[in-house]
Every structure is written in C-alpha cells, then in structure tokens.
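Peer 1: Pasting the sequence and the predicted coordinates here, then a few questions.
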Amino acid sequence: MTWLVEKNRSWAEWAVARILGVGPVPRHLAVIMDGNRRYARKEHQDILTGHTRGFHKLTEVLSWCRDLGINEVTAYVFSIENFKRPKQEVDGLMDLAVEKFAELLEEKDKLAKHGVRIRVLGNVTLLPERVQRWVAEAVLTTKDNDKCFLNLALAYTSREEIGTAMGELCRGVSEGQLQASDISEELLEKCLYTRGMRDPDLLIRTSGEVRLSDFLLWQSGFSCLFFAKVLWPELTIWHLFGAIFYYQRHYHTLTEARRESLNVRQCMVEESDIDVCHAKFGEKVTAEHIAAQTSSRTERIDAFLQDLSERRINYLKEICK
C-alpha cells in the first residue's frame, strides 16, 4: 500500500474541482477520522480491519488534496485518550503504525520528489519504543522537504499540548532564558507542537459527531468546521467538494475575524513593552526605550525558540541511535 496514491479522476470530478478552484481553496485541511470502528461493525469485520481501511482512506484524501491544491493536511490519528481502549486494539494500532511508517520510509525518494514533509504532533514519549523509532526516522528523513506537509497527530490532545507549552515557558523563565513579561499568546503559540504551521483553514469531522474531541482547540479558533455524517472509510471526494464549498461561503467572515484577532494580539504585545518601560523608567519613557525593550525581548524569544527546536530535534536523533 503506497502513501502517495496516483488516481485518475472522472470528468465530472475534474469539472467540479476546476469550478471550486475559481474561489478560495483551503491551504490547510485538518481531519478527525471518526467512524473506523463503527464501519468495521457495520461490515461485520474486526476492529483493526476498520482502522486499516481508515488509513487507506487517508491516502485517498491526500491524493484528492494534491489535485485540489491543498498542500497541508493534519490528521487526528491517535488521541492520548485512545490508550484507554482495550489492550488488543491499542497493540494492533501500534503495530499498524509501525507497518505504515515502514512503508512510508520505503517511499522516501518519492516523498523527496514531491517535497512531502512528515510532522508528528503529540507526546511521542507515550508511544512504545518501536513506534517512537519509526516516528523519529520519518520526521528526520523528511524534515528538509517543503512543498507539501502531512501532520500526524499521534498520542495527542490539545490539553496536553497547551500544558506542555506552558511547561516550556516556565522552564524558560526559571532558567533565565525569558522574562515573565515576555510571555504572550504569540509566544505560547510558538511553543505548541504546531509551531511554524499554518492554522487549519478547514476542519472536517466524519461520522456525524459534532465535537472536536480535544483536537487543535487552540489552532482552530478561526477555522471553518464541517461535520459530515458519513463514516470515515466511506468518505468520497464529493464530500470533500461539499466541505470546500461550505468553506468558500464562510471564507470572508473567517478571514476578517482572524485579521481582527491578530491586530488585537499585536496591540497587546506593544502595550506590554510600554508597561515594562514605564516600570523601569517611570514617566521618562522615550521611543528609544521602547525600541530597546522590543529588541531585547525579540532576541530573548528567538534564542529561546531556537533552543526549544534543537531540544526537540536532538530528542528525535537520540531515539534513532
């Protein structure tokens, strides 16, 4: 089974794709692949077969996205909450993950040709060692590719992600890399697993459930949410077309809301710099004082984030040894 499916489209599919291409097309699609177990029960198959069919559907979705010009996909593969499922199912899913990562690395030349980068979001330390090694190798092997991005949320929840980011900020302050006044929404965001990624433009959940299940809660604040009743393995390109059309109808409202949020965030950072200067210099604050404060804060933050990136990369390298 290949990760990069090459599939011919019908004339009708190409026609609709071209029509949708006239309007704004999401650059980043996030998916909650719900319904694999229900699909297996519906088809009178074992649960692991349902998950395998779910993976095959993901490879199909990647091919649809490639044809539509969507160059980033984030898939909710395995939640931390999923560890509570029966041991046999969890072990089977971990074995499936090893199998699929091994297949992925067999296609590393094709991934390089298409510029596909694999990123894994989540607390990798919670995974079995055999899975950690394959994850680390996949991430490191593709880290220099920069045309398409596949983000796999594995051992992930938003609460854990935000808690981990807060822990990194506390460490930065306690070790003297940061000052307490440096902490902001923007800096917290840069400590998340999704640092450097674009927020999802469109988030699709299948199976009829209307909730996010602790998936990308921070990042989806201004995403278009589309809930499909179909089970994940039964998803078709026509469902994706419908989701994109829905996104286009709400595009301008979401874009304006995101722009306003960014403006407010920038104003808060600027006000914080002014408050710090007032605390140091009283009423004698000048533009030079504010510029110096802004410059020193930027230098501290850049050094802290560089150190954080190196820590994460070094951890993956250690796993591969």
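Peer 2: Perfect, thanks for sending it.

Peer 1: separation between the nearest residue to Leu62 once chain neighbours are set aside and Glu260?
Peer 2: Nearest residue to Leu62 in three dimensions, chain neighbours excluded: Val73, at 6.1 Å (CB to CB, 6 or more residues apart in numbering). From N, CA and C alone the C-beta is placed, and that goes for glycine too. Distance, Val73 to Glu260, by CB to CB, to the nearest Å: 27 Å.

Peer 1: Now do the helix or strand where Arg265 lies: distance to the chain's middle.
Peer 2: Element membership for Arg265, per DSSP states H and E: helix 237-281. Here helix 237-281 is found 18 Å from its chain centre; the criterion is CA atoms, centre = their mean, to the nearest Å.

Peer 1: circling back to that earlier point, would you mind telling me which of Val73 and Glu260 has more residues around it?
Peer 2: Val73 (21 against 11; other CB atoms under 10 Å).

Peer 1: can you tell me which helix or strand Pro311 belongs to?
Peer 2: No, residue 311 isn't Pro; it's Arg. Using DSSP H and E, Arg311 sits within helix 287-320.

Peer 1: who does that helix touch, helix- and strand-wise?
Peer 2: Under the contact definition 3 or more CB pairs under 8 Å, 6 or more residues apart in numbering; DSSP states H and E, helix 287-320 sits against helix 129-142, helix 185-190, helix 237-281.

Peer 1: how about the first one: buried residues?
Peer 2: Taking 16 or more other CB atoms under 10 Å as the neighbour-count basis, helix 129-142 is seen to contain the buried residues Val131, Gln132, Arg133, Trp134, Val135, Ala136, Glu137, Ala138, Val139, Thr141, Thr142.

Peer 1: now do the second one
Peer 2: Within helix 185-190, the residues that qualify as buried by neighbour count (16+ other CB under 10 Å) are Leu187, Glu189, Lys190.

Peer 1: can you check stretch 89-96 too?
Peer 2: By neighbour count on 16+ other CB under 10 Å, the buried set for stretch 89-96 is Gly92, Leu93, Leu96.

Peer 1: how about it as PDB, C-alpha atoms only?
Peer 2: Output of stretch 89-96 as PDB, limited to C-alpha atoms (Å, rounded to 0.1, in the frame of the first residue of the first chain):
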ATOM      1  CA  GLU A  89      -6.900  -2.800  20.000                       C
ATOM      2  CA  VAL A  90      -4.200  -0.400  21.100                       C
ATOM      3  CA  ASP A  91      -1.500  -3.000  20.400                       C
ATOM      4  CA  GLY A  92      -3.000  -3.600  17.000                       C
ATOM      5  CA  LEU A  93      -3.000   0.100  16.200                       C
ATOM      6  CA  MET A  94       0.700   0.500  17.300                       C
ATOM      7  CA  ASP A  95       1.600  -2.500  15.000                       C
ATOM      8  CA  LEU A  96      -0.300  -0.800  12.200                       C
END
